[in-house]
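Enquirer: Quick one: sequence and predicted model below, then my questions.
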Amino acid sequence: MRSSLLATAIATGLGLTALTAAGNAHAAPPAVTAEQLAQLQAQIASLQAQVAELQAQNDAQSEVNVTQAKAIEATADTQKTVDGLKKLVNDTKIGGRIFFDATHVDQENNGKKTDATGYGIDVKRFYLTVDHKFTDVWSANLTTDFQYLSAISNTEVFVKKAYLQGKFSDAFFFRVGAADMAWIPFVEKYYGMRYVENTLTDRLSYGTSSDWGVHAGGELSDSMFNYAVSVVNGRGYRNPSRSEGMDVEGRFGFAPTQNTIIAVGGYNGKRGLDVESTNPPQTAERWNALAAYASPKFRVGAEYFQAKNWAVTNVREDKADGYSFWASVTLTDGGITAFGRYDKAKLSKDIDPSLEDTYYNIGVEFPVVKGFKLATVYKNTHRENSTSTDVKTNEFGVWGDVSF
């Protein structure tokens, strides 16, 4: 429309010019009245007003276009931020697990009550976990470990796990940092009652569940075979110290069915005690075996260990061995489960052959809601030798497991 009006104005001007030129060539132009001149001026003024209006509309439209462009750009930036936050949330998992108990302990040492006797509430473990996936291959994990033990009136906080993982296939992953060791966490998975009691090797302190180092593992042949190897400092996750050498723990497992496992494992090293000023006289060795069946309705299993020179600072060689049997059965559709366990170990077969540790528990587990279960349990521990040691501990109460 703007072009049409401008064209009209130009044509009018050209017409007047032509008339003037023609008059000059042939004859004097007719006189222009004041009224005609006023009409012509009014037309020109109207055209100028319309042109100005069109210009203003054009400028306004340009401002709208700029505003819209900025709004679209801002929306795109906001969407990028939202997508980034969404990816962060989707790729990061935060969780936790709490093991607690409220029990009564009755302990005697050579027939006399000890200070451990009495009522108490313990938070044996409080794990907070952050797991982030960078890609389908790379991820990282941080797990803190808090505990409070009423028997020693002490609160402790540690880093249980802190590792970078590269998982290239089901057959191979590796982790650098503090991560699960090859044996104890694997047995816990089949035992299923870790919140009630540590597994045999862990309970007797012939191993640790996590340590600082390099870890690798995987599953082969549709999970029929599995393996894990850890090259670690040897002092456990609570003590990321340095030493002259590294310790090695490994495991190989065979799963003939989805619920069945047969596994062997071993450990070798100085347990992180070979420092510049000290060369321990012994090398710690440990051998393990596991056979277990675990399904939602029924669990049964047995663990065996044999350790040599676990106290690597001893001048004399020493050995220890022990076994553990456990079973559990689900009694109702609501998940009420009866369970029991029996451990027996000889703790010093060469230096003090009479030193033995016997442990058993029996209990009933009650699921409360998803992620929360309680168990009423009776425990009995007896450690004795033929000379001076005779410690009997009876414990009864409620144990809890909360995961989120």
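Expert: Great, that's in hand. What you see is a predicted model; the values in this text were computed from it and never measured.

Enquirer: show me where the stretch 1-150 of the chain has helices.
Expert: Per DSSP state H, counting those that start in this stretch, the stretch 1-150 of the chain carries helices over the ranges 2-26, 34-91.

Enquirer: rank those helices by pLDDT, which is bottom?
Expert: For the helices of the stretch 1-150 of the chain, mean pLDDT drops lowest on helix 2-26, to a mean of 43.

Enquirer: pretty sure R299 is touching I261, no?
Expert: No: at 11.3 Å, R299 and I261 do not qualify as touching, with contact defined as CB atoms under 8 Å. (Glycine included, C-beta is placed from N, CA and C.)

Enquirer: Quickly list what's touching both of these two.
Expert: Y190, A292, Y293 (CB atoms under 8 Å, 6 or more residues apart in numbering).

Enquirer: May I see the buried residues of stretch 41-49?
Expert: Buried residues in stretch 41-49, counting neighbours by 16 or more other CB atoms under 10 Å, are found at L47.

Enquirer: Stretch 289-303 too?
Expert: L290, A292, A294, R299, G301, E303.

Enquirer: need the contact list for the last one.
Expert: Contact partners of E303, counting by CB under 8 Å, 6+ apart, are V187, T199, L200, T201, N288, A289, L290, Y323, S324.

Enquirer: Name the nearest residue to the fifth one, sequence neighbours excluded.
Expert: When you say that, I think you mean N288. For N288, ignoring the flanking residues on the chain, the nearest one in space by CB to CB, 6 or more residues apart in numbering is G265 at 4.2 Å.

Enquirer: Could you do the second one as well?
Expert: The shortest distance from T199 to any residue that is not its chain neighbour, by CB to CB, 6+ apart, is 4.7 Å, and that residue is V187.

Enquirer: how far away is that neighbour from G340?
Expert: Between V187 and G340 the computed distance is 17 Å (CB to CB, to the nearest Å).

Enquirer: pLDDT below threshold where in the stretch 201-350 of the chain?
Expert: Counting by pLDDT under 70, the stretch 201-350 of the chain shows no low-confidence range.

Enquirer: could you pull out the strands for it?
Expert: Assigned by DSSP state E, counting those that start in this stretch, the strands in the stretch 201-350 of the chain fall at 210-220, 225-232, 247-254, 260-269, 284-294, 298-308, 319-330, 337-346.

Enquirer: Would you convert these into CSV that also reports distance to N90?
Expert: Formatted as CSV, the strands of the stretch 201-350 of the chain follow (distance: least, CB to CB, whole Å):
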stretch, distance to N90
strand 210-220, 25
strand 225-232, 29
strand 247-254, 32
strand 260-269, 33
strand 284-294, 31
strand 298-308, 34
strand 319-330, 34
strand 337-346, 34
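
Enquirer: Of those strands, which is nearest K124?
Expert: K124 lies closest to strand 210-220 among the strands of the stretch 201-350 of the chain, at 15.6 Å (CB to CB).

Enquirer: Given the closest one, what are its sheet partners and their directions?
Expert: Strand 210-220 pairs in its sheet with strand 172-180 (antiparallel), strand 225-232 (antiparallel), by DSSP bridges.

Enquirer: Let me know the angle separating that strand from strand 247-254.
Expert: 30 degrees (axes from the mean of the first three to the mean of the last three CA atoms, to 10 degrees).

Enquirer: Could you list the residues in contact with strand 210-220?
Expert: When contacts are defined by CB under 8 Å, 6+ apart, strand 210-220 is touched by residues 160-161, 163, 169-182, 185, 225-237, 240, 246-247.

Enquirer: if we can go back for a sec, for the strands paired with strand 210-220, give me TSV that also has distance to T278 and mean neighbour count.
Expert: As requested, these are exported to TSV (distance: least, CB to CB, whole Å; neighbours: other CB atoms under 10 Å):
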stretch	distance to T278	mean neighbour count
strand 172-180	24	20
strand 225-232	19	20
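
Enquirer: Same list (these) but as CSV, adding distance to A52.
Expert: Listed next are the strands paired with strand 210-220 as CSV, based on distance: least, CB to CB, whole Å:
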stretch, distance to A52
strand 172-180, 73
strand 225-232, 83
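
Enquirer: Of all those strands, which one is nearest H382?
Expert: Among these, strand 172-180 comes nearest to H382, with 31.1 Å by CB to CB.
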